[in-house]
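Participant: Any chance you could fold what I've pasted below:
(chains A and B)
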Amino acid sequence: MSRYRYAINVTPKPGILDPQGRAVEGSLGHLGIDGVSEVRVGRRVELTVEATDERSALATADRLASELLSNPLIEAYAVEPLAATSSASVGGD
Amino acid sequence: MGVRIGVVVFPGSNCDRDTVHALEVAGAEPVVLWHEQASLDGVAAVILPGGFAYGDYVRAGVIARFSPVMRSVAAFAAGGGLVLGICNGFQVLAEAGLVPGALLRNRSLRFAGREVTIAATRDDTLFTRGVAVGRPLRMPVAHGEGCYFADDATLDRLERDGQVLFRYVDAAGSAAGPADPGNPNGSLRAIAGVLNAAGNVAGLMPHPERAAEAILGSDDGMGLIRSLVDSAAAAAHGSVELAGAR
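Facilitator: Numbering: from 1, shown residues only, chains lettered A, B, ... in the order given. Okay, the predicted model is just below:
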């Protein structure tokens, strides 16, 4: 078995109302920032999958992303492979 | 003995006792169903109450969807069993795909905790048989993610098929637009509650169980509770007539 580390990025689909993105945009003026638009706030989940090969690890990550971490009606997701040494060893809480 | 109606308790449910009480007032026999149990104990209907099931982590309702009791509730619903989701319960039903649409973060980004006015669009369903169409019903909302969303084609279909069961209404009794104060969360087409296509599963964001006795400031919610109890009693005697999509 090998360990594979992924990030799953979940974002609101185009056209879906994103009040959080709008709130971030609304705060730009207070920061004196110009030229930033189309802010969309999503979620990033990092995880390690233990599997026999990369293909089945990716399949597990994909299933988790589509069934639990995102709602296909309103959100899109992308699975991003991370370097094995990424934050996998961080933690201890 | 009244008809047995299940009230599911997830870790984080907080309206289960209010729901149990409202069912008792309506003459039913509430049966508490723990989230880890797969058996529904032979109840004639199931209510998913409000709260923050599993902390509402990831998305409201999604983790609850995978609990043992929800697998049984899904099978119960597929067999025509009556299921009502209130607030967080509605979110669980939406995440489970048992009712159409999704509940997004409130447009205001604020938790909405106040009284609203809704109206039923039909009086021929198992959930609204004791409620007059269009009659203003006062009851509280208490949620952060209640903005009803579905794509335009789905919304058109739901309206055409009579699956938009409740709407937020303004003082004049008409549907409250997304920015209208009568619409507490910015729901599209002022949708406060929906019905599945078969007519046996419904969800709504407002809390009928918190407006089930005059001492609570409104007893308008009792019409919905009684409708469910009467329908469950009919179902228990095998004489239920489903009015779903039309």
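
Participant: is the longest strand seen in chain B anywhere near chain A?
Facilitator: Counting residues, the longest strand in chain B under DSSP state E turns out to be strand B:112-120. No. Counting by C-beta under 8 Å from any C-beta of the partner chain, chain A is not contacted by strand B:112-120; separation bottoms out at 12.4 Å. To be clear about C-beta, it is placed using only N, CA and C from the backbone, and glycine gets the same treatment.

Participant: Which neighbouring elements make contact with that strand?
Facilitator: Helices and strands touching strand B:112-120, as assessed by 3 or more C-beta pairs under 8 Å, 6 or more residues apart in numbering or on different chains; DSSP states H and E, comprise strand B:137-143, strand B:164-168, strand B:191-195.

Participant: and that strand, C-alpha only, in PDB?
Facilitator: Output of strand B:112-120 as PDB, limited to C-alpha atoms (Å, rounded to 0.1, in the frame of the first residue of the first chain):
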ATOM      1  CA  ALA B 112     -32.100  34.700  10.300                       C
ATOM      2  CA  GLY B 113     -33.900  34.200  13.500                       C
ATOM      3  CA  ARG B 114     -37.400  35.800  13.500                       C
ATOM      4  CA  GLU B 115     -41.000  35.400  12.600                       C
ATOM      5  CA  VAL B 116     -41.900  35.100   8.900                       C
ATOM      6  CA  THR B 117     -45.200  34.700   7.100                       C
ATOM      7  CA  ILE B 118     -45.600  31.900   4.600                       C
ATOM      8  CA  ALA B 119     -48.600  30.500   2.600                       C
ATOM      9  CA  ALA B 120     -49.300  27.100   1.200                       C
END
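
Participant: Buried ones in it, by neighbour count?
Facilitator: Buried residues in strand B:112-120, counted by 16 or more other C-beta atoms under 10 Å in any protein chain shown: B:112, B:116-120.

Participant: right, and the helix or strand after the helix or strand hosting A:Arg22?
Facilitator: In this structure, A:Arg22 is located in helix A:19-31 according to DSSP states H and E. Following the chain from helix A:19-31 toward its C-terminal end, the next helix or strand by DSSP H and E is strand A:43-51.

Participant: hmm, who's touching that following strand?
Facilitator: Strand A:43-51 is contacted by residues A:1-10, A:57, A:60-61, A:64, A:69, A:82, A:86-88, B:58 when judged by C-beta atoms under 8 Å, 6 or more residues apart in numbering or on different chains.

Participant: helices and strands around the helix or strand that that strand is followed by, which ones?
Facilitator: Per DSSP H and E, the first helix or strand lying C-terminal to strand A:43-51 is helix A:54-64. Contact here means 3+ C-beta pairs under 8 Å, 6+ apart; on that basis helix A:54-64 packs against strand A:2-12, strand A:43-51, strand A:75-82.

Participant: switch to 6 Å and redo it
Facilitator: Other elements packing on helix A:54-64 under the criterion 3 or more C-beta pairs under 6 Å, 6 or more residues apart in numbering or on different chains; DSSP states H and E are strand A:43-51.

Participant: Residue numbers of chain B in contact with chain A?
Facilitator: Contact residues, chain B versus chain A (C-beta under 6 Å from any C-beta of the partner chain): B:102, B:105, B:107, B:109.

Participant: Could you single out the nearest of the residues you listed to B:Ser174?
Facilitator: Of all the residues of chain B next to chain A, the one with the least separation from B:Ser174 (C-beta to C-beta) is B:Arg107, at 19.4 Å.

Participant: before we move on, the earlier item: can you tell me which of the contacts of strand A:43-51 are buried?
Facilitator: When burial is judged by neighbour count using 16+ other C-beta under 10 Å, the buried members of the contacts of strand A:43-51 are A:4-10, A:57, A:60-61, A:64, A:69, B:58.

Participant: Sort those residues by pLDDT and name the bottom one.
Facilitator: Least confident entry in the buried ones among the contacts of strand A:43-51, by pLDDT: B:Val58, with 89.

Participant: B:Val83 against B:Ala77, yeah?
Facilitator: Yes. Assessed by C-beta atoms under 6 Å, B:Val83 is found in contact with B:Ala77 at 4.9 Å.

Participant: Kindly export the helix-or-strand element of chain A with minimal mean pLDDT (C-alpha atoms) in PDB.
Facilitator: The weakest-scoring helix or strand in chain A, judged by mean pLDDT, DSSP states H and E, is helix A:19-31 (a mean of 90). Taking Å, rounded to 0.1, in the frame of the first residue of the first chain, the C-alpha atoms of helix A:19-31 are listed here in PDB:
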ATOM      1  CA  PRO A  19     -22.800  35.700  -0.700                       C
ATOM      2  CA  GLN A  20     -19.400  35.100   0.800                       C
ATOM      3  CA  GLY A  21     -17.600  36.100  -2.400                       C
ATOM      4  CA  ARG A  22     -19.800  39.200  -2.600                       C
ATOM      5  CA  ALA A  23     -18.900  40.100   1.000                       C
ATOM      6  CA  VAL A  24     -15.200  39.800   0.300                       C
ATOM      7  CA  GLU A  25     -15.700  42.000  -2.800                       C
ATOM      8  CA  GLY A  26     -17.600  44.500  -0.700                       C
ATOM      9  CA  SER A  27     -14.700  44.800   1.700                       C
ATOM     10  CA  LEU A  28     -12.100  45.700  -1.000                       C
ATOM     11  CA  GLY A  29     -13.000  49.400  -0.800                       C
ATOM     12  CA  HIS A  30     -12.200  49.400   2.900                       C
ATOM     13  CA  LEU A  31      -8.800  48.000   2.200                       C
END
